[in-house]
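K.L.:
got a structure for you, letters missing:
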């Protein structure tokens with residue numbers, strides 16, 4: 001048995017999230033099927049963490065154990081030949097079987113994408129959320145500064161979560177604008193932290209947006225950090241969220257991108 005680490009990118013639009021479930025197609029299911037088609041093994045591809053229905057990944061890190069003897073760097077091509085166009089293994093490598101990605105993952109970076117203009121742009125709709133009007137970047141950054149740090153984020157967690165603690169640390173929370181044509185502005189909110197609760201980043205994005213639009217005050221933001229769920233903003237649609245990267249306490253593998 002040999003362990004491999006995979007860096008996987010996917011468009012989550014047509015999937016019911018990462019984890020295998022009985023009532024819909026998932027990214028994990030499709031990867032498991034690709035492994036079976038390539039090697040005839042019923043192996044389970046394990047991710048550094050789940051993504052929800054409709055959420056995308058630039059660089060999700062996974063592991064899989066195989067009896068097949070294949071060079072680590074060749075596994076990506078073997079799987080990609082059997083994967084649909086909306087999932088790709090960016091790179092692959094063999095690692096010692098003591099490596100477990102879930103236990104050594106120390107941080108994750110998510111980005112939530114918004115685009116601001118007077119009318120919807122169909123070519124932006126798949127990966128970002130339309131907001132009519134102009135963004136107030138400085139107000140968005142004010143909100144991000146308040147929410148950054150170690151807090152109890154229970155107000156930002158969807159009801160029904162079974163986590164032991166809702167305290168999380170956001171190392172950085174940035175609001176950046178991307179260069180686009182003058183009639184439209186694309187903005188992303190980047191959250192880099194030691195872990196995130198169910199719907200946490202999407203709700204943070206909605207809270208930052210509402211604050212910038214004058215729907216929430218600074219006092220409201222501080223109230224959310226005391227657990228007041230009535231003061232958080234809208235949980236934004238899944239389509240604008242991207243798992244951007246996964247960080248480790250020990251280096252496992254380059255994430256497949258140069259930036």
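P.N.:
Here it is on my side, so go on. In this text, all values refer to a predicted model and were calculated from it rather than measured experimentally.

K.L.:
Contacts made by the strand or helix carrying residue 202 with the rest, please.
P.N.:
Under the assignment given by DSSP states H and E, the secondary-structure element containing residue 202 is helix 200-212. By C-beta atoms under 8 Å, 6 or more residues apart in numbering, the list of residues contacting helix 200-212 from outside reads 110, 112, 114, 131, 135-136, 139-140, 142-144, 147, 153, 156-158, 168, 173, 175, 189, 191, 216-218, 220-221, 224, 232-238, 240-241. (Glycine included, C-beta is placed from N, CA and C.)

K.L.:
Mind giving me the ChimeraX command for buried ones among those?
P.N.:
Buried subset of the contacts of helix 200-212, written as a ChimeraX selection, criterion 16 or more other C-beta atoms under 10 Å:
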select :110,112,114,131,135,136,139,140,142,143,144,147,153,156,157,168,173,175,189,191,216,220,221,224,232,233,235,236,237,238,240,241
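
K.L.:
Go through the contacts of helix 200-212 and flag which are in strands.
P.N.:
Filtering the contacts of helix 200-212 for membership in strands, criterion DSSP state E, returns 110, 112, 114, 131, 168, 173, 175, 189, 191, 241.

K.L.:
Could you check how far residue 53 is from residue 210?
P.N.:
When C-beta to C-beta, to the nearest Å is applied, the distance between residue 53 and residue 210 equals 23 Å.

K.L.:
what separates the helix or strand bottoming out on mean pLDDT in the chain from the chain centre, distance-wise?
P.N.:
Taking mean pLDDT, DSSP states H and E as the measure, helix 101-104 is the helix or strand of the chain with the lowest mean score, a mean of 85. Centroid separation for helix 101-104 versus its chain: 16 Å, with C-alpha atoms, centre = their mean, to the nearest Å.

K.L.:
Give me the helices and strands touching it, please.
P.N.:
Contacting helix 101-104 under the criterion 3 or more C-beta pairs under 8 Å, 6 or more residues apart in numbering; DSSP states H and E are the following elements: strand 46-47, strand 56-66, strand 241-248.

K.L.:
still on that earlier bit, show me which pair in the ones in strands among the contacts of helix 200-212 is furthest apart.
P.N.:
Between any two of those, the greatest separation by C-beta to C-beta is 25.9 Å, found for 131 and 168.
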